[in-house]
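Trainee: A predicted structure for the sequence below; I have some questions about it.
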Amino acid sequence: MSDAFYVGAVGLKAQERALDVISNNIANANTPAFKRADVRFASIIATRGDPDVSSATLNDPFAAAGVMAQAAAAIDEGGDLQATGHDMDVAVQGRGFIELMAPGGQTLLWRGGALKIGEDGMLAAAANGYPLKAAITVPQDAGRLTIGGDGMVRAVTGTDAAPVEVGQIMLVTPEDMGALGALDGGLYRVEDEGRLRAAAPGEDGTGTLVQGSIERSNVEMSSEMVQLMLVQRAYAANAQIVQAADQLMAIANGLRRS
């Protein structure tokens, strides 16, 4: 069977993957601290000596030549900070992440957002209820909370005028940003927690915390729309390859019958 069918099919799958990535970027344009993903294409060449690739499948990328697409999150590109005026909102200005404790003890990384006080009195992410790994417990009679740029959390308790320190939010930076896996809700996971460097905000290039603000996504709608149109054109071109191969096969079949 003609290799053009497989080349076109592999190209269609690559553009379909690119379309999924761009669509996800656009859908999360208003998600706080969301990091857009770039699409990276790589050429594939056939590695089998036999040119007959009739036994190839689309799940075997080394069976035929073509192109493949992979998504790489642009984590290092920070979004703009938007002031909200809410004391329970916090953003990271810099490269650091806040550690959250997910069910089962897994550590997840978070770029900040809305906080809440859980039923156990611990500070947690409002969106999912995961507590901060720093295990900061807020007294029941606490009033207004303040979060300093150094991560120190203070609360006014009872009738005391002076705020008391209830804990400090630490930041971590991974040794390899490419090792982070993006999850829903602006969360990230890391396979090897031993490769995380912890430091107080403002130290070792982790960045600082900004209370009363959230980080906006780093999605640029104009750029995403341009990429979307390019992917659509490339998808159409690969579809034409399959169509042309089909027409050539029809001609060959006609010659055999004649």
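Mentor: Nice, I can see it. Residues are numbered from 1 along each chain as shown.
Trainee: With adjacent residues omitted, what lies nearest to the residue nearest the centre of the chain?
Mentor: For the chain, residue 182 is the residue whose C-alpha lies nearest the centre (C-alpha atoms, centre = their mean; 3.8 Å). Nearest residue to residue 182, sequence neighbours excluded (C-beta to C-beta, 6 or more residues apart in numbering): residue 73, at 5.0 Å. Backbone N, C-alpha and C define where each C-beta goes, glycine included.
Trainee: which element follows the worst-scoring helix or strand of the chain on mean pLDDT toward the C-terminus?
Mentor: Sorting the helices and strands of the chain by mean pLDDT, DSSP states H and E puts strand 66-73 at the bottom, at a mean of 68. Remark: after strand 66-73, the chain's next helix or strand is strand 81-83, criterion DSSP states H and E.
Trainee: Can you name every helix or strand that that next one contacts?
Mentor: Other helices and strands packing on strand 81-83, by 3 or more C-beta pairs under 8 Å, 6 or more residues apart in numbering; DSSP states H and E, are strand 213-215.
Trainee: Tell me the strands beside the strand it packs on, with direction?
Mentor: Counting by DSSP bridges, the strands paired with strand 213-215 are strand 81-83 (antiparallel).
Trainee: Quick check, the residue nearest to the centre of the chain in contact with residue 111.
Mentor: No. Counting by C-beta atoms under 8 Å, residue 182 sits too far from residue 111 to count as a contact (11.2 Å).
Trainee: residues shared between the contacts of these two?
Mentor: Common neighbours of residue 182 and residue 111, counting by C-beta atoms under 8 Å, 6 or more residues apart in numbering, are residue 35.
Trainee: before we move on, the earlier item: give the full set of residues in contact with the residue nearest to the centre of the chain.
Mentor: By C-beta under 8 Å, 6+ apart, the neighbours of residue 182 are 35, 37, 73, 188.
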